[in-house]
Every structure is written in structure tokens, then in C-alpha cells.
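**Q** Next comes the sequence, and after it the predicted model I'd like to discuss.
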Amino acid sequence: MSHTIVTTTTTTTSTSDGGFFNMGYTRSTHGLLKIAQMVALLIAFLCVHLARGWTDWSAFRYFEVVTLWFLIAFLIFYLTYLLRLQSKIPCINWTLTEFFHYAVGTILVGIASIVAAVKSSGVSELVAGSVFGFIATFLLAVSLWTTYKVSCGSQPTSASV
């Protein structure tokens with residue numbers, strides 16, 4: 001009686017580097033967009049914060065608070081994805097949370113930029129801050145759109161014809 005023995009070898013490959021940092025996120029579209037948002041918000045905040053000759057204190061304080069708040073919020077999201085914390089805290093729907101932050105951020109930073117542009121009175125630092133605020137608003141709107149497509153986009157159906 002002869003026996004045939006079949007041996008199979010399975011090789012698994014990992015798409016991530018397995019390290020502490022997710023360096024692939026820094027090179028992804030979402031990672032680069034988040035870096036651009038943080039840079040635009042930081043420049044907008046610094047332009048207004050370091051400007052002299054404010055014409056309306058309340059309007060520019062609002063601009064500073066909004067830009068700094070969303071700068072910190074998006075820095076937290078960036079570090080969350082960079083350190084792979086979203087997989088360690090599965091009780092939070094990170095995509096939906098980020099979507100709501102982008103929605104609120106787009107609206108509030110847009111309003112703050114409009115108010116800053118109207119109240120700048122030709123002071124170049126304040127005009128530059130409002131321009132970077134508009135740039136950040138545009139980048140937030142792009143992220144809002146891409147996040148919407150991921151979290152709320154059309155779901156595939158399995159209907160048979």
C-alpha cells in the first residue's frame with residue numbers, strides 16, 4: 001500500500017512595517033493633507049497672534065481660538081494614526097469622529113477667516129492670517145469630502161439579478 005504525502009507551505013507577508021510608528025500614513029494622501037492643514041492653521045494662528053494694530057479684539061481672539069483648537073485636534077488625530085492608536089482603541093469610530101471634526105472645522109474656520117478678512121483694515125499680518133485661514137478651510141473641505149466618501153459613501157450591494 002502506498003501513501004502519498006502532500007506538504008504545503010504558507011507564506012504570509014505583512015503590508016505594514018510592524019514598528020511603533022505607521023510611517024506609511026505620513027506618505028499617504030490623508031497624512032499629507034493633515035500635515036498641510038496643520039501647517040496652514042499654524043501659520044494663520046501665528047500671523048494673527050503676532051500682529052500689532054488689531055482693530056477688533058473679539059474677532060481676532062475668535063480667529064485665534066478656532067485655529068488653535070483645530071490645530072490641536074488635528075495634531076491629536078495625526079498622532080493617533082501615526083502611533084497606530086486607532087487600532088488599540090476600537091470603541092471609537094475614528095472615521096466618523098474625524099468626519100465631524102472636519103465638518104465643524106470647515107464651518108468655524110471659514111467663518112473666522114471671513115470675519116478676519118473683513119476686520120483686518122489693511123494690516124498685512126491680519127490679511128495674511130485670513131488668507132491662510134481660507135487655505136486651511138479649503139484643505140478641511142477636501143478632507144471632509146474624502147472622509148465622507150469613505151464613511152458615508154455608497155455601500156456595495158449583493159443583490160442578484
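**A** Looks like it arrived, so ask away.

**Q** In terms of secondary structure, what does whichever strand or helix holds residue 104 contact?
**A** Assessed by DSSP states H and E, residue 104 sits inside helix 94-119. Packing partners of helix 94-119 (3 or more C-beta pairs under 8 Å, 6 or more residues apart in numbering; DSSP states H and E): helix 29-49, helix 57-82, helix 124-151. Where C-beta positions appear, they are placed from N, C-alpha and C, glycine not excepted.

**Q** Compare the ones you listed and give me the one nearest residue 93.
**A** Among these, helix 124-151 comes nearest to residue 93, with 8.2 Å by C-beta to C-beta.

**Q** Give me the buried positions along the closest one.
**A** 125-144, 146-147 (16 or more other C-beta atoms under 10 Å).

**Q** Residue 66 and residue 110 touch, don't they?
**A** No: Residue 66 lies out of contact with residue 110 (C-beta atoms under 8 Å); the separation is 9.7 Å.

**Q** Who has more neighbours out of those two?
**A** residue 66 (26 against 18; other C-beta atoms under 10 Å).

**Q** The residue nearest to that one when sequence neighbours are not counted and residue 64: what is the separation?
**A** Excluding the flanking residues, the one nearest residue 66 by C-beta to C-beta, 6 or more residues apart in numbering is residue 112, at 4.4 Å. Distance, residue 112 to residue 64, using C-beta to C-beta, to the nearest Å: 9 Å.

**Q** More neighbours: which of those two?
**A** Neighbours were counted for residue 112 and for residue 64 using other C-beta under 10 Å; residue 112 has more, 26 against 18.

**Q** Pull the number of nearby residues for the closest residue to residue 141 other than its chain neighbours.
**A** In this structure, residue 141 finds its nearest non-sequential neighbour in residue 106, 5.0 Å apart by C-beta to C-beta, 6+ apart. When neighbours are counted by other C-beta under 10 Å, residue 106 registers 21.

**Q** Of all residues in the chain, which one is nearest the centre?
**A** Geometric centre of the chain, nearest residue: residue 34, 4.0 Å, by C-alpha atoms, centre = their mean.

**Q** contacting residues for that residue?
**A** 74, 77-78, 143 (C-beta atoms under 8 Å, 6 or more residues apart in numbering).

**Q** now do residue 78
**A** Contacts of residue 78 (C-beta under 8 Å, 6+ apart): 31, 34-35, 38.
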